[in-house]
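[1] Sequence and computational prediction follow.
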Amino acid sequence: MFEVQPYGDRGVRVQFGKSIHKAVNNEIRDFCSVLEKSHIKGVLEWIPTYTAVTIWYDPFEIVYESLEEKILNVREKMNNADISPVRVVHIPVYYGGKKGPDLNEVAQYHGITTEEVVSLHANSDYLIYMMGFIPGFPYLGGMSEKIATPRLEKPRRSIPAGSVGIAGEQTGIYPLESPGGWRIIGQTPISLYNPEDALPILLKAGDYIRFIPIDRKEFDEITKKVETGSFHPTIET
């Protein structure tokens, strides 16, 4: 599937599929890589999502018909060779306690132990399909259906940065303090978003995340290293 359609008077939506799938994600990554190297005059930015890419452009620099033609040229150049090497970013997580106030409820909902919830949650590498709704928030695929849990009926007004949550069949990490309705099962001490860094967002679409369970002592030790700038997460390629 490859459809190019107008998206308002300054946007183009390029559709690659209708369902969340790794193959669709690979096509989107390939397309974005070629698009970036094409340096199309008038293209301002592009936003990859689960099944599509939205391209914003300046209509005073390029008209829709011309941009559509160039997008089709980008498609012709796609061959997966331009996709960046896959990174696996290790995310240490302290599960339960005050850092994971909903862990017990998730376990009770499924009739299993909290240890089993942690084991299932940390027993998979999660593909980052896209980034949203606040800077640095990764939307992940690959969580076990055995721990899929509905959102809270009443969202919290404030969730601490680094909180790891479950919402339905999805799991994710809050990079900033934010309201939210996800079930919080743990927290990572590392920073996913720092506006003062040259690269402010640690993660990117196409990366994989591997959650590494840690104890409270390790959590505190990593927190101190993060504060002094001496902690660097493990990243496999």
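    That came through, no problem.

[2] Surely A167 is in contact with I185?
    No: using Cβ atoms under 8 Å, A167 is not in contact with I185, being 11.1 Å away. Yep, even glycine has a C-beta here, placed from its N, CA and C like the rest.

[3] More neighbours: which of these two?
    I185 (28 against 16; other Cβ atoms under 10 Å).

[4] Tell me which helix or strand comes right after the host helix or strand of the more buried one.
    Assignment of secondary structure by DSSP states H and E places I185 within strand 183-187. In the C-terminal direction, the helix or strand that comes right after strand 183-187 (DSSP H and E) is strand 208-214.

[5] What helices and strands are in contact with that following strand?
    Helices and strands touching strand 208-214, as assessed by 3 or more Cβ pairs under 8 Å, 6 or more residues apart in numbering; DSSP states H and E, comprise strand 88-95, strand 125-132.

[6] Mean pLDDT lowest where, among those strands?
    Summarising mean pLDDT across these, the least confident stretch is strand 125-132, with a mean of 89.

[7] Might you quantify the distance of it from its chain's geometric centre?
    Mean C-alpha position of strand 125-132 versus that of the full chain (Cα atoms, centre = their mean, to the nearest Å) differs by 3 Å.

[8] other SSEs contacting the following helix or strand past it?
    Moving toward the C-terminus from strand 125-132, the first helix or strand encountered (DSSP H and E) is strand 137-141. Identification of packing neighbours for strand 137-141 by 3+ Cβ pairs under 8 Å, 6+ apart yields strand 125-132, strand 170-173.

[9] Which SSE is immediately downstream of strand 137-141?
    Moving toward the C-terminus from strand 137-141, the next helix or strand (DSSP H and E) is strand 156-159.

[10] which other helices and strands contact that following strand?
    Packed against strand 156-159 by the contact rule (3+ Cβ pairs under 8 Å, 6+ apart) you find strand 178-180.

[11] what's the average pLDDT for the strand it packs on?
    Per-residue confidence for strand 178-180 averages out to 93 on the pLDDT scale.

[12] Also stretch 154-167?
    Rounded mean pLDDT across stretch 154-167 is 96.

[13] Show me what counts as buried in that stretch.
    Going by neighbour count (16 or more other Cβ atoms under 10 Å), the buried part of stretch 154-167 is R156, I159, A161, G162, S163, V164, G165, I166, A167.

[14] what do you get for stretch 58-77?
    Counting neighbours by 16+ other Cβ under 10 Å, one finds that the buried residues in stretch 58-77 are Y64, L67, K70, I71, V74, R75.

[15] ok, back up a step: same list (the helices and strands packed on strand 137-141) but as TSV, adding mean neighbour count and distance to F31.
    As requested, these are arranged in TSV below (neighbours: other Cβ atoms under 10 Å; distance: least, Cβ to Cβ, whole Å):
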stretch	mean neighbour count	distance to F31
strand 125-132	20	14
strand 170-173	23	24
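
[16] Make CSV out of those and add distance to P59.
    Output for the helices and strands packed on strand 137-141, formatted as CSV (distance: least, Cβ to Cβ, whole Å):
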stretch, distance to P59
strand 125-132, 26
strand 170-173, 35
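
[17] Looking at those, spot the one closest to E115.
    Closest to E115 of these is strand 170-173 (Cβ to Cβ; 17.4 Å).
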